[in-house]
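Peer 1: Below is the structure, and that's it, no one-letter string:
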């Protein structure tokens, strides 16, 4: 059974009121995401944020701009960015702050996750 929903059908779904936003974006992250969405012609897509097995600490973040969401995904909007995640990832992401950080030598999204018990030296994975 296919549980994928189109963006139009997904508009009828909403995050349960008691859940609220699972993760907060900083102003810099919102601006970067908006730039990427426009430059890649991905208007109407959702930012899917998932916690997946990865790295030396066990878990990592998976970010994708997707057109469709799956039934049961949690959905919220922040400053015009439509975000989604699955219920399992939401447990790891609750209270997390996602920032866009740019230095002279690198640029990328940085996660401040209160649920992370430890993280690897490079900061790309965490354990909970």
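Peer 2: Cool, got the structure. The shown structure was predicted, so the numbers you read here are calculated from the model rather than taken from an experiment.

Peer 1: how far does the longest helix along the chain sit from the chain's center?
Peer 2: The longest helix of the chain (DSSP state H) is helix 27-39. Centroid displacement of helix 27-39 relative to its chain, using CA atoms, centre = their mean, to the nearest Å, is 13 Å.

Peer 1: Now residue 114: which helix or strand?
Peer 2: Secondary structure assignment for residue 114, by DSSP states H and E: no helix or strand.

Peer 1: by contact count, what packs against the next helix or strand after the longest helix of the chain?
Peer 2: Downstream of helix 27-39, the next assigned helix or strand under DSSP H and E is strand 46-54. Applying 3 or more CB pairs under 8 Å, 6 or more residues apart in numbering; DSSP states H and E, one finds that strand 46-54 contacts strand 58-66, strand 81-85, helix 87-93. Just so you know, the C-beta spots here come from the backbone N, C-alpha and C atoms, and that holds for glycine as well.

Peer 1: for the first one, packing partners?
Peer 2: Taking 3+ CB pairs under 8 Å, 6+ apart as the contact definition, the neighbouring helices and strands of strand 58-66 are strand 46-54, strand 107-112, strand 126-127.
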